[in-house]
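> Kindly return the folded structure for what I paste below:
(chains A and B)
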Number of protein chains: 2
Amino acid sequence: MKFSISTLRRLPVYLDFLKMQSENCENISATAIASALKLGEVQVRKDLGSVSGAGRPKVGYNRKKLIETLENYLGYNNAKKAVIVGAGKLGEALMGYGGFRDYGLDIVAAFDVKNIGNAYSNKPVYHINALSAFCKKENIELGIITVPASSAQVVADLMYESGIRALWNFAPVHLNVSDDVLVHNENMAASLALLKKQLEGTEFITD
Amino acid sequence: MKFSISTLRRLPVYLDFLKMQSENCENISATAIASALKLGEVQVRKDLGSVSGAGRPKVGYNRKKLIETLENYLGYNNAKKAVIVGAGKLGEALMGYGGFRDYGLDIVAAFDVKNIGNAYSNKPVYHINALSAFCKKENIELGIITVPASSAQVVADLMYESGIRALWNFAPVHLNVSDDVLVHNENMAASLALLKKQLEGTEFITD
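Okay, the predicted model is just below:
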């Protein structure tokens, strides 16, 4: 089945919302979810319908069951191992962000050329020279790049040689990678540029 | 003029690329830029054309001039003042990220209920009770939310009362805000969900 990216991006938002409700809330309707999250009701039904059955008429979805379904779909109980290259402040922040574990991401170690021997949130920092052997031994699937833009390509190449085929890139730079590599760019500079321009009153078209 | 969001999101990437070229590189063609960044040539010409004049035939763009044009357009020389609420690791990482200054964002202080009196990268951490007075005095335009999801709505409301009308939200939760507030959600959980699903082989349609 082909899945919509927009739908997938909303699933963690539904999940968070459902988890934040009171324990007494047994059932919840698409109408209530839509209203709380300021989304269309049709969209909510469609999004949730793509991973779960439909809600029961006049009752809605069983909240706990829907949480379980979303967690399973999002693979929260099937964590993937990741490494970070770049043990600076952003790398440290990501290692310390307990939330990723809930989202099925297990950051097991960081690599850098400095800060070696430190441990952030119980995760060790190793020398970059040890990356390849570590990734092959630990079967690492995902590489997170938090080095400066000028080093990001070298790091991406190293990750490829280490067997990693999915990159989460926080460096504000385009990476040249082989066709069998997935890259997700977390371009905060672009977000910032957009927000600033909107603040100045520029109107945008989405395309 | 209505501007395309996709174009705007690529401008910082062009800028980084241009800055990374050798000082000896005086002119650069759209063809060279397109090829290096794996973008279409027509797209590059269109993107750059929307902020600058066209490149000169057979010569291309003057690199330094194009950098200057992009920096001016993106407001790098016209920094906006921002505060962070949530002086945890992510907040600290954002405060320590020197890059934002280049992107025209000046994070002047952080607010929290703990870590008060600390300073990260020379930026003070104040008690959240001081937020409103500070923002009004310093004419803060942008608020960055790096608190846990459960506190994000309270913080958004506080920022609104403090006169802030643009929010950059790193908490994985939907914020209910008044219509005169801009919100940009940096939903890392959604990025992660997408990347994990792609890694498992799910195909996506963009919509």
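
> For chain B, tell me whether the helix or strand hosting A:Leu8 is touching it.
Element membership of A:Leu8 [criterion: DSSP states H and E] is helix A:5-20. Yes. Helix A:5-20 is in contact with chain B by CB under 8 Å from any CB of the partner chain, via A:Ile5, A:Ser6, A:Leu8, A:Arg9, A:Arg10, A:Leu11, A:Pro12, A:Val13, A:Asp16, A:Phe17, A:Met20. C-beta coordinates here come from the backbone N, C-alpha and C atoms, glycine included.

> could you dump these to a markdown table with neighbour count?
Listed next are these as a markdown table, based on neighbours: other CB atoms under 10 Å in any protein chain shown:
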| residue | neighbour count |
| --- | --- |
| A:Ile5 | 15 |
| A:Ser6 | 14 |
| A:Leu8 | 22 |
| A:Arg9 | 17 |
| A:Arg10 | 21 |
| A:Leu11 | 24 |
| A:Pro12 | 24 |
| A:Val13 | 21 |
| A:Asp16 | 22 |
| A:Phe17 | 17 |
| A:Met20 | 13 |
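
> ok, back up a step: ok, and what's touching the helix holding A:Leu8?
Residues from elsewhere that reach helix A:5-20, judged by CB atoms under 8 Å, 6 or more residues apart in numbering or on different chains: A:28, A:33, A:36-37, A:39, A:44, A:46-48, A:50-51, A:63, A:66-67, A:70-71, A:73-74, A:103, B:149-150, B:172-174, B:187, B:189-190, B:193-194, B:197, B:204-207.

> for the record, mean pLDDT for it?
The average pLDDT for helix A:5-20 rounds to 85.

> Can you give the distance from that helix to the centre of its chain?
Helix A:5-20 sits 12 Å away from the centroid of its parent chain (CA atoms, centre = their mean, to the nearest Å).

> With stretch A:26-34 instead?
With CA atoms, centre = their mean as the basis, stretch A:26-34 stands 25 Å off its chain's centre.

> now swap in stretch A:119-132 and tell me
Remark: stretch A:119-132 is offset 21 Å from the chain centroid, using CA atoms, centre = their mean.

> Check stretch A:176-192 too.
13 Å.

> so where's chain A uncertain?
Where chain A drops to pLDDT under 70, the residues are A:1-2, A:98-99, A:102, A:206-207.

> would you list every one of the helices in it?
Ranges of helices within chain A are A:5-20, A:30-37, A:41-49, A:63-74, A:89-96, A:99-102, A:131-138, A:149-161, A:188-199, based on DSSP state H.

> so which of those helices is the most packed in?
Of all those, helix A:89-96 has the most neighbours on average by mean count of other CB atoms under 10 Å in any protein chain shown, namely a mean of 23.

> Who are the packing partners of that helix?
Here helix A:89-96 touches strand A:80-85, strand A:105-112, strand A:119-120, helix B:89-96, going by 3 or more CB pairs under 8 Å, 6 or more residues apart in numbering or on different chains; DSSP states H and E.

> same thing but at 10 Å, please
strand A:80-85, strand A:105-112, strand A:119-120, strand A:123-127, strand A:142-145, helix B:89-96 (3 or more CB pairs under 10 Å, 6 or more residues apart in numbering or on different chains; DSSP states H and E).

> tell me the domain boundaries of chain A?
Domain ranges of chain A: A:5-74, A:80-191, per automatic domain parsing.

> Ramachandran coordinates for the residue of chain A positioned farthest from its centre?
Each residue of chain A has a distance to the centre, and by CA atoms, centre = their mean the biggest one is for A:Lys58: 34.2 Å. As for A:Lys58, its main-chain torsions (degrees, to the nearest 10) stand at phi 70, psi -10.

> who's in contact with it?
Residues near A:Lys58 by CB atoms under 10 Å, 6 or more residues apart in numbering or on different chains: A:Asn27, A:Ser29.

> one more time with 6 Å, if that's ok
With CB atoms under 6 Å, 6 or more residues apart in numbering or on different chains as the criterion, no residue contacts A:Lys58.

> give me the beta-bridge partners of the closest residue to A:Thr202 other than its chain neighbours?
Leaving aside its chain neighbours, A:Thr202 sits nearest to B:Phe3 (5.7 Å; criterion: CB to CB, 6 or more residues apart in numbering or on different chains). On the basis of DSSP bridges, B:Phe3 is bridged to A:Phe204.

> what about B:Phe3, neighbour count?
17 (other CB atoms under 10 Å in any protein chain shown).

> Quick check: it touching A:Phe204?
Yes. At 5.4 Å, B:Phe3 counts as touching A:Phe204 under the criterion of CB atoms under 6 Å.

> could I get the helices and strands packed on helix A:89-96 as TSV with distance to A:Leu182?
Shown next, in TSV, are the helices and strands packed on helix A:89-96 (distance: least, CB to CB, whole Å):
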stretch	distance to A:Leu182
strand A:80-85	12
strand A:105-112	14
strand A:119-120	26
strand A:123-127	23
strand A:142-145	9
helix B:89-96	24
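
> which of the ones you listed sits most buried?
Of the helices and strands packed on helix A:89-96, strand A:142-145 is the most buried (mean count of other CB under 10 Å), at a mean of 26.

> so what strands line up beside that one?
Applying DSSP bridges to the sheet, strand A:142-145 is found paired with strand A:80-85 (parallel), strand A:166-169 (parallel).

> Can I get the helices of chain A in JSON lines including distance to A:Tyr120?
Formatted as JSON lines, these follow (distance: least, CB to CB, whole Å):
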{"stretch": "helix A:5-20", "distance to A:Tyr120": "24"}
{"stretch": "helix A:30-37", "distance to A:Tyr120": "33"}
{"stretch": "helix A:41-49", "distance to A:Tyr120": "35"}
{"stretch": "helix A:63-74", "distance to A:Tyr120": "25"}
{"stretch": "helix A:89-96", "distance to A:Tyr120": "4"}
{"stretch": "helix A:99-102", "distance to A:Tyr120": "13"}
{"stretch": "helix A:131-138", "distance to A:Tyr120": "16"}
{"stretch": "helix A:149-161", "distance to A:Tyr120": "18"}
{"stretch": "helix A:188-199", "distance to A:Tyr120": "20"}
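
> can you tell which of those is closest to A:Val113?
helix A:149-161 (9.3 Å; CB to CB).

> Okay, and the beta partners of A:His127?
Assigned bridge partners for A:His127, using DSSP bridges, are A:Asp112.

> how about the strands paired with strand A:142-145 in TSV, adding distance to A:Met159?
Below are the strands paired with strand A:142-145 laid out as TSV (distance: least, CB to CB, whole Å):
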stretch	distance to A:Met159
strand A:80-85	7
strand A:166-169	6
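
> Out of those, flag the one nearest A:Phe111.
Closest to A:Phe111 of the strands paired with strand A:142-145 is strand A:80-85 (CB to CB; 4.8 Å).
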